[in-house]
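Participant: Quick one, structure for this:
(chains A and B)
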Number of protein chains: 2
Amino acid sequence: VFPPVPGNSRSGEPAPCRLLNPLKLLTLARDLGRRKARERQGLFVCEGTRAVAELLRSGIRIRGALVAATPEPHPRVAGLRQALLSAGVNVEDVTEREFHSASDTETPQGILAIAGIPERALSDIPWDAANPLRLLILDGIQEPGNVGTLIRTAAALGASATLALPGTVDLWNAKVVRSSVGALFHHLSLPCTWEELDTFRQDRGIALWGADAQGVPLNRAEETPPRLALVVGNEGQGLSAAATARVQRTISLPIAPAVESLNVAVAAGILLYELRR
Amino acid sequence: VFPPVPGNSRSGEPAPCRLLNPLKLLTLARDLGRRKARERQGLFVCEGTRAVAELLRSGIRIRGALVAATPEPHPRVAGLRQALLSAGVNVEDVTEREFHSASDTETPQGILAIAGIPERALSDIPWDAANPLRLLILDGIQEPGNVGTLIRTAAALGASATLALPGTVDLWNAKVVRSSVGALFHHLSLPCTWEELDTFRQDRGIALWGADAQGVPLNRAEETPPRLALVVGNEGQGLSAAATARVQRTISLPIAPAVESLNVAVAAGILLYELRR
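Facilitator: Residues are numbered from 1 along each chain as shown, chains lettered A, B, ... in the order given. Just a heads-up that it's a prediction; the model follows:
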C-alpha cells in the first residue's frame, strides 16, 4: 500500500515538482495497474511512445517516467526520453524485465509515464442555452479498447463530454488511456452516476436518446434536439434497465441482416456524425 | 513442418471428414499462429466462444477443436463443445497449460477451432451494371483488431467485399478472425494486388476514392458514383503512394482540430454509411 503521493492533481494546488523515490517508481507503476490504487493515489499510467507524446503535449503534470534499457529501443523512445527530461520529469532507466513487470502490453515499446488524474466535474461542461450540445454516455461498456476509441471519436466529432456510467471500465485503465490516443487528456471524460446525470440534464434541458439494435432506424431528414445526450451500451447486453427507463427515444442504424451488430465505437461514430449540429 | 492436411478447402473437393491425429491437433493450432503455416496448410484458428459459435453457424468446415479442462470453464464452453461434437467435429480436451500454448489471448476462454480458409476470388464479387456496388479496400492496415472491425463494418453497411492490399495484416490472423465477430466467415474478404484491383475495376467501371485527412470534406448533398471502391490506409502513414496515384478523389471527414484523426474503422464506418446507395 502506498501513501498518497503529495502534489497530485487531487490535492489542490500542484506541489513543486519533487522527485519520487526512484526505487518506488517501478513499484508504483505496477501498483497503478489496479483501479483501486489509481483511485487512492489519483494517478494513472500512460504507456507507449504515442500516448506519452500526447501526454507531454497535454500539460497534465507527469510525476515520473520509466524507460527500458533494451539493445534495440523503439526509434522514438530516445527523443521522448529527452523531451521528458527537458520538461523536468524524473526519468528512471530500468531493465527490460523490470519494465515488463509494470507494462500492460504484450510487446512493450519501453516507455511509460505516471501522471495525475485530472480533476473533472459535470459542472465543467460548457453550457449555453443558445448553443447546441452533444454528450456521449457510456452505459456499462467494459472493453477498454472500445472505451478509448469512443472517447477519441466523441472528441473528434464535437461532443462536449463523454460520461462513464457505473459498470463502465475505469477511464484511467492503461488500455483506455492508450486507445484514446490522447483524447482522454483534453476531452472532458469523467465518470458519473445516473442520478447526477438526471439532475444535470433536467437543469439544462438536455434530451436523452439511446442507441439500440431494436430502436427506430435513424432518419436523416428528422430534426434532432439542440441539446442531446446519446447513450450507448454494452455490445453483448445492449442498454441497461436504468438507461431504457430514462431514454426519450431509442434509435438504430439499418445494417445487413447477416451481421448482428456494429462495433459500439463505429456505431457511436456514425450516430454522432449524423446527429451533429 | 506439417504436411498439407488432406481435404482442406484449397485442395478441391472436400475430403470425407477424417479425424486428424489427436496429438497433432494442439501442435497444429500452435503452428497456425504463423502466417506462412496458415498459407501452406490452408487452415486458420478461431478462438473464443463467440467466434467459434459464428464459425459453426457459417458452414465453413471445421477440422478439429481444442477445449481446455479448467476448474471454472467459461459458461458457454460446455454447450459449444456439445454442438461441435454433434456436428461431427473432432474435439480434443487439453490441459489449461497446453491450451495456453496455442492461444492468442491473454485470458483464454478455453475453446478454439481449426478450420479451412475459404477459397475466394475477385470474380466471386456479385456484379451487375444495373446495381450499385460498394467495396472497401484496405491499404497496408497492420493492426489486426482494426482489420477485423473494418470487415465487420463493411459487412454490416452493405459493402459487397473487403479487399486487403499488400502490407495489410493476414485476414486469417487469429485477432482479425476474433474481432470480425463472424463477418469474415460470410462477408467476401480476400487479399488482392493493386494490378488485380486495377483490372477488376476497369472491366466493371468502378470508381476509386480514397479517405485521407488531407482530402476534400465529405459533402452530403453531392452525387456519389453508383459503383465505388473506398480505400482506407494505415492510421500512422495514411494512403500509400500506390493508392494516391490511383484514386480519382480524396475525401475526408471534418473533425475537431484538437484530435489528429479518427480510428480507421470508425472513419470507414461513417464514410460507408454516408456513401451508401
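Participant: The residue of the stretch 1-150 of chain A found nearest chain B: neighbour count?
Facilitator: Closest contact between the stretch 1-150 of chain A and chain B, by Cβ to the nearest Cβ, is at A:Thr149 (4.9 Å). For every residue, glycine as well, the C-beta is placed using N, CA and C. Look at A:Thr149: counted by other Cβ atoms under 10 Å in any protein chain shown, it has 29 neighbours.
Participant: so it touches A:Val232, yeah?
Facilitator: No: under the criterion of Cβ atoms under 8 Å, A:Thr149 makes no contact with A:Val232, lying 11.6 Å away.
Participant: which residues does the residue of the stretch 51-200 of chain A found nearest chain B contact?
Facilitator: Residue of the stretch 51-200 of chain A nearest chain B, by Cβ to the nearest Cβ: A:Ala156 (4.1 Å). The neighbourhood of A:Ala156, defined by Cβ atoms under 8 Å, 6 or more residues apart in numbering or on different chains, consists of A:Ala183, B:Ile255, B:Ala256, B:Val259, B:Ser261, B:Leu262.
Participant: ok, now with 7 Å
Facilitator: B:Ile255, B:Ala256, B:Val259, B:Leu262 (Cβ atoms under 7 Å, 6 or more residues apart in numbering or on different chains).
Participant: Ok, A:His100 next?
Facilitator: Contacts of A:His100 by Cβ under 7 Å, 6+ apart are A:Pro108.
Participant: Would you mind listing the buried residues in the host helix or strand of it?
Facilitator: Following DSSP states H and E, one finds A:His100 within helix A:96-102. In terms of neighbour count (16 or more other Cβ atoms under 10 Å in any protein chain shown), helix A:96-102 has its buried residues at A:Glu98, A:Phe99, A:Ala102.
Participant: contacting residues around the second one?
Facilitator: If a contact means Cβ under 7 Å, 6+ apart, then A:Phe99 has A:Leu66, A:Ala68, A:Pro108, A:Gly110 as its contacts.
Participant: Mind picking the two most distant members of those?
Facilitator: A:Leu66 and A:Pro108 (10.1 Å; Cβ to Cβ).
Participant: more crowded one of the two?
Facilitator: Neighbours per residue (other Cβ under 10 Å) separate A:Leu66 from A:Pro108, with A:Leu66 holding more: 25 against 18.
Participant: tell me the contacts of A:Gly238?
Facilitator: So A:Gly238 contacts A:Asp212, A:Ala213 (Cβ under 7 Å, 6+ apart).
Participant: Next one: it from chain B, what distance?
Facilitator: Distance, A:Gly238 to chain B, using Cβ to the nearest Cβ, to the nearest Å: 15 Å.
Participant: so that residue bridges to which residues?
Facilitator: A:Asn234 (DSSP bridges).
Participant: Model confidence for it, exactly?
Facilitator: At A:Gly238, the model reports a pLDDT of 90.
Participant: For A:Ile125, give me its contacts.
Facilitator: Per Cβ under 7 Å, 6+ apart, neighbours of A:Ile125: A:Ser160, A:Ala161, A:Leu188.
Participant: helix, strand or coil for A:Ser261?
Facilitator: Secondary structure, DSSP: H, G, I helix; E, B strand; the rest coil: A:Ser261 is coil.
Participant: what sits against it?
Facilitator: A:Ala213, A:Glu235.
Participant: mind redoing it with 6 Å?
Facilitator: Going by Cβ atoms under 6 Å, 6 or more residues apart in numbering or on different chains, A:Ser261 touches A:Ala213.
Participant: can you pull the contacts of A:Thr162?
Facilitator: The contact partners of A:Thr162, by Cβ under 6 Å, 6+ apart, come to A:Leu136, A:Ile151, A:Ala154, A:Ser189.
Participant: That one bridge partners, please.
Facilitator: Here A:Thr162, judged by DSSP bridges, has bridge partners A:Leu136, A:Ser189.
Participant: that older thread, out of the contacts of A:Thr162, which comes closest to A:Ser240?
Facilitator: Nearest to A:Ser240 among these, counting by Cβ to Cβ, is A:Leu136 at 15.6 Å.
Participant: who's in contact with A:Ala164?
Facilitator: Residues near A:Ala164 by Cβ under 6 Å, 6+ apart: A:Leu138, A:Leu171, A:Pro191.
Participant: so where's chain A uncertain?
Facilitator: Across chain A, the ranges flagged by pLDDT under 70 are A:1-23.
Participant: one more time with 80
Facilitator: Chain A contains residues with pLDDT under 80 at A:1-23, A:220-222, A:277.
Participant: which residues of it fall in helices?
Facilitator: Applying DSSP state H to chain A gives helices spanning A:22-31, A:35-41, A:49-58, A:77-86, A:96-102, A:144-156, A:174-179, A:183-186, A:194-204, A:241-246, A:264-274.
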